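Participant: Mind folding the following:
(chains A and B)
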Amino acid sequence: MDRVMSNKWVIAAYVLPALLLILVVVYIPIILTGYFGLHEWNGIGAMKFIGLEQYKTLIQDGKFWDSALHSFLLAVFSTLSLILYMIVAMVLASRIKGANTFRKIYLIPMLLSSVAIAQLWLKVYHPTNGILNSLLVSLGVPNPPAWLSDSSIVLYAIFIPILWQYAGFYILIYYAALKNIPETLIEAARIDGANALQIAWKIKLPLVMEVFKVTIVLAVIGSLKYFDLIYIMTGGGPNGASEVMASYMYRIAFNIYDFGYASAVGFFLLVISLVATFIIRKLTATKEKIEYA
Amino acid sequence: MYKKRRTLILLLSLCLMLLVAVGCAGGKNNTAADGNGGNDPGPAPVNNEGGSQPEEVTITFMHLWPEGISAGQNRIVNQIISEYESLNPHVTIKPDVLENEQYKNKLKILSTSNELPDVGVTWAAGFLAPYVEGELFTPLDDLLDSGLRDKFVAGTTEAYAIDGKTYALPLEFNIAPIYYNKAIFEQYELEVPKTYAEFKQIVETLTSNGIAPIALGNKDRWTGSLWYMYLADRYAGQETLAKAILGEASFMDEGLLQAAREVQALVDSEAFVRGFNGLSNEEAKSEFLNSTAAMYLMGSWDLPNFTTNTDIPQEFRDSVGFFKFPVVEGGKGDIDSWVGGPGVGLFVAENSPVKEEAKKFVQFFIEKWGEQSVTGAGVIPATKVDTSSLDLPQLYLDLFNEMNNASSITLFADVQMDPAAAEVHLTQIQALFGKAVTPEEFSAAHDEAVQIEEVPEE
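Facilitator: The predicted structure follows:
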């Protein structure tokens, strides 16, 4: 078997189909997007080469930077909420009653499509008949906020369903990682007199740190390119208050027909994501790797 | 144990393969059924004249009247399609139905990859322009010249013409009145307003009684644009507004500024439903339909919901009336001036493989649509219809008569402007209603947007 696998032709035969597919579907479109970004183009007619003009406009585009700030805020909130997910996963992974049921409950939002979630939360946030405001009114709040039309809170209101949507995914990852820790280690610590908190902090956390780092990268990149729920729920509005980079790109491409500029935004988004990944990798690099003893 | 597992895996993969195979076969069967046209199970060639069998043709037709939202129109479209198919057995019409906003998006996406449907629905003027520039729509003047021109109400096809060629044929002609709930008005002893001062009085009475005066879903933005346009028309006069939209006059005009100020005054007096900037038009409409909001400014395309649509309770439909946007004291606009214009029209894709067949279908559709849309859906068509012999809802007839008495009709701003300027207009509308900009900033942004567009043409 090893001999077969070290044959160059066999390697090529196994790797090539997937490689070709990923080239055609992922890398070539990326290059094309960057190329379109050098043009003035309405998506329908002829393209006109203008060099780096679009990128220069982009740097000075206040609306773009507003949307970038919103994307960045989403990334920060997603990363912070990872801590919460980790705590939930730790509780679930210790032997508590009904852990399986809870795990399923947390996972269910993952099974819904973004469109369904958006519709669901539109009902929750409805200014007069929504569950949330009905509840607030019955609790005696006279004038509950109109969540999705108040530009000072819409951004945060929309983060909640996004974080809720992905909670199950991260909890599941952490749960699996925590379950991977050998019971003997924890047993040993318990015999040495460590309490639950100490075990969690000193033993469990370091051992799942690698997984944690990966999820940070996932959360940040996922946030930077986030689109669907925001587009459906607010369309980036009111007045751009919940606009993120991806919805801004969409607006330019499909409302204004400026595909050249939209491509530039898209390419810039990719660059930002790459830089973010690089920075996170640098920040979270540890010299000594902790492994199961 | 090991062996058992292997058999299990084998069995599972077999099942999977079977599933895939069945799925594929099913798909093929479906397409085959589609190809047969569905409604003639017998041998197809029998109906043909002269014995020569025309080639089987499939025309894809994308439209925006889903059954759930526009039941009347949906029924008529299906009727026309099946009628056409039975008259032309070799033709199959394959409809693709989407809701308004989704329709717009899909059309744009398809256009970028040059995969437009053979026949589709488009809006006039600014919306149409990029498609025409990209040579995606085919001119339909030959259809007009072959006798269709006389069928249209004068002036309706012009909005679809660019450089003397007509690229789509209109189906509807719309104006936007303010619909109101008579039951609510009676309850609070309100009269239909003649002047804007009376209108504001009504708003005040309703808010003080805890009723939302106006249903407005400004997430869609063009809905708010209607309010601004009417106020602009009433304050500055139709001429000034029309010129400003075309970039021939400044939005800094005192009347237009006053209109923007008045929008914010309405917002301050809580005239619109709560959270209107985050509500879609459909959501806002449901507040009007549920009688939680008293008034609703919308195009005449919504008439069927207030007349013939049986999904909506008869009691509610009976209690809907409409009035013209009131006049402002000292304003330049008169009460018979409307915001409106041709609604949607049909286009034929330039690179459609079945262009001639598609054109024939469009002609057939336009002719049939005229009479049927009046009786079946209560839509005001762009073609001439003699309503005197038809049994029509009073609300419809009243609005129809108003339209004939109109002193002027200003085309919806977002339709008239080109896409980039329209986007600025719509964003600014949402900002104006959300009080994120001052009326002066609002006007300045418009001036900039409309004038930038002038540059390449000079």
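Participant: buried ones in the helix or strand encompassing A:Val275?
Facilitator: Using DSSP states H and E, A:Val275 maps to helix A:259-284. Using 16 or more other CB atoms under 10 Å in any protein chain shown as the test for burial, helix A:259-284 gives A:259-269, A:272-273, A:276-277, A:280. Where C-beta positions appear, they are placed from N, C-alpha and C, glycine not excepted.
Participant: out of these, who's nearest A:Phe102?
Facilitator: Distance to A:Phe102 across the buried residues of helix A:259-284 (CB to CB) is lowest for A:Ile280, with 29.6 Å.
Participant: for that closest one, what are its contacts?
Facilitator: Residues counted as contacts of A:Ile280 (CB atoms under 8 Å, 6 or more residues apart in numbering or on different chains) are A:Lys213, A:Ile216, A:Val217, A:Val220.
Participant: After the longest helix seen in chain A, which helix or strand is next?
Facilitator: Counting by DSSP state H, the longest helix found in chain A is helix A:62-93. Next along the chain after helix A:62-93, taking DSSP H and E as the criterion, comes helix A:99-111.
Participant: Pull out the buried residues from that next one.
Facilitator: Buried, per 16+ other CB under 10 Å, within helix A:99-111: A:Arg103, A:Tyr106, A:Pro109.
Participant: can I get those in JSON lines with distance to chain B and pLDDT?
Facilitator: Output for these, formatted as JSON lines (distance: CB to the nearest CB, whole Å; pLDDT from 0 to 100):
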{"residue": "A:Arg103", "distance to chain B": "25", "pLDDT": "86"}
{"residue": "A:Tyr106", "distance to chain B": "28", "pLDDT": "88"}
{"residue": "A:Pro109", "distance to chain B": "22", "pLDDT": "87"}
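Participant: Tell me the most packed of the contacts of A:Ile280, by neighbour count.
Facilitator: Within those, most neighbours by other CB atoms under 10 Å in any protein chain shown means A:Val220, with 22 neighbours.
Participant: Please export the C-alpha coordinates of stretch A:8-28 as CSV.
Facilitator: C-alpha atoms of stretch A:8-28 as CSV (Å, rounded to 0.1, in the frame of the first residue of the first chain):
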residue,chain,number,x,y,z
LYS,A,8,3.9,10.0,-8.3
TRP,A,9,1.2,9.1,-10.8
VAL,A,10,-1.0,7.7,-8.1
ILE,A,11,-0.6,10.8,-6.0
ALA,A,12,-1.5,12.9,-9.0
ALA,A,13,-4.5,10.8,-9.7
TYR,A,14,-5.8,11.2,-6.2
VAL,A,15,-5.0,14.8,-5.7
LEU,A,16,-5.8,16.3,-9.1
PRO,A,17,-9.6,16.1,-9.3
ALA,A,18,-10.1,17.9,-6.1
LEU,A,19,-7.3,20.3,-6.9
LEU,A,20,-8.8,21.2,-10.3
LEU,A,21,-12.2,21.7,-8.7
ILE,A,22,-10.9,24.0,-6.0
LEU,A,23,-8.9,25.9,-8.6
VAL,A,24,-11.9,26.5,-10.8
VAL,A,25,-14.4,27.2,-8.1
VAL,A,26,-12.3,29.1,-5.6
TYR,A,27,-8.9,30.4,-6.8
ILE,A,28,-9.7,31.5,-10.3
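Participant: first to last residue in stretch B:347-360, what's the distance?
Facilitator: Length of stretch B:347-360, first residue to last, CA to CA, to the nearest Å: 12 Å.
Participant: Closest one to A:Leu80 out of the contacts of A:Ile280, please.
Facilitator: A:Ile216 (10.5 Å).
Participant: roughly how far apart are that closest one and chain B?
Facilitator: Distance, A:Ile216 to chain B, using CB to the nearest CB, to the nearest Å: 32 Å.
Participant: now A:Asn239
Facilitator: 4 Å.
Participant: which one is whichever residue of the stretch 101-250 of chain B sits closest to chain A nearest to, not counting chain neighbours?
Facilitator: Here the residue of the stretch 101-250 of chain B nearest chain A is B:Gly134; by CB to the nearest CB that distance is 2.8 Å. With sequence-adjacent residues excluded and distances taken as CB to CB, 6 or more residues apart in numbering or on different chains, B:Gly134 is closest to A:Ile44, at 2.8 Å.
Participant: wouldn't that neighbour be in contact with B:Ala129 here?
Facilitator: No - using CB atoms under 8 Å, A:Ile44 makes no contact with B:Ala129, being 10.4 Å away.
Participant: Once you drop chain neighbours, what's closest to B:Thr308?
Facilitator: B:Gly378 (5.1 Å).
Participant: Neighbours of that neighbour, how many?
Facilitator: Using other CB under 10 Å, B:Gly378 has 25 neighbouring residues.
Participant: helix/strand/coil for B:Tyr296?
Facilitator: Assigned with DSSP: H, G, I helix; E, B strand; the rest coil, B:Tyr296 falls in the strand class.
Participant: For it, list each beta-bridge partner.
Facilitator: Beta-bridge partners recorded for B:Tyr296 (DSSP bridges): B:Tyr179.
Participant: any idea how far it is from B:Ala183?
Facilitator: 14 Å (CB to CB, to the nearest Å).
Participant: The chain: strands as residue ranges?
Facilitator: Just so you know, I chose chain A. For chain A, the strands defined by DSSP state E cover A:39-40, A:48-49.
Participant: I was thinking of chain B, sorry if that wasn't clear
Facilitator: Under DSSP E, chain B gives strands at B:57-63, B:91-97, B:119-122, B:161-162, B:165-166, B:169-170, B:173-175, B:178-181, B:212-214, B:293-297, B:320-323, B:337-342, B:345-348, B:408-411.
Participant: Make CSV out of the ones you listed and add mean pLDDT and mean neighbour count.
Facilitator: Below are the strands of chain B laid out as CSV (pLDDT from 0 to 100; neighbours: other CB atoms under 10 Å in any protein chain shown):
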stretch, mean pLDDT, mean neighbour count
strand B:57-63, 92, 21
strand B:91-97, 92, 18
strand B:119-122, 93, 24
strand B:161-162, 88, 18
strand B:165-166, 92, 18
strand B:169-170, 90, 28
strand B:173-175, 88, 22
strand B:178-181, 95, 23
strand B:212-214, 95, 24
strand B:293-297, 95, 25
strand B:320-323, 94, 19
strand B:337-342, 87, 25
strand B:345-348, 92, 26
strand B:408-411, 86, 19
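Participant: Need these in TSV (columns: distance to A:Tyr250).
Facilitator: Formatted as TSV, the strands of chain B follow (distance: least, CB to CB, whole Å):
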stretch	distance to A:Tyr250
strand B:57-63	21
strand B:91-97	22
strand B:119-122	21
strand B:161-162	27
strand B:165-166	31
strand B:169-170	29
strand B:173-175	28
strand B:178-181	33
strand B:212-214	30
strand B:293-297	29
strand B:320-323	36
strand B:337-342	27
strand B:345-348	24
strand B:408-411	27
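Participant: ok, the spatially closest residue to B:Glu133 that is not a sequence neighbour - how many residues close by?
Facilitator: Excluding its sequence neighbours, the residue lying closest to B:Glu133 (CB to CB, 6+ apart) is A:Gly45, at 5.5 Å. A:Gly45: 14 surrounding residues under other CB under 10 Å.
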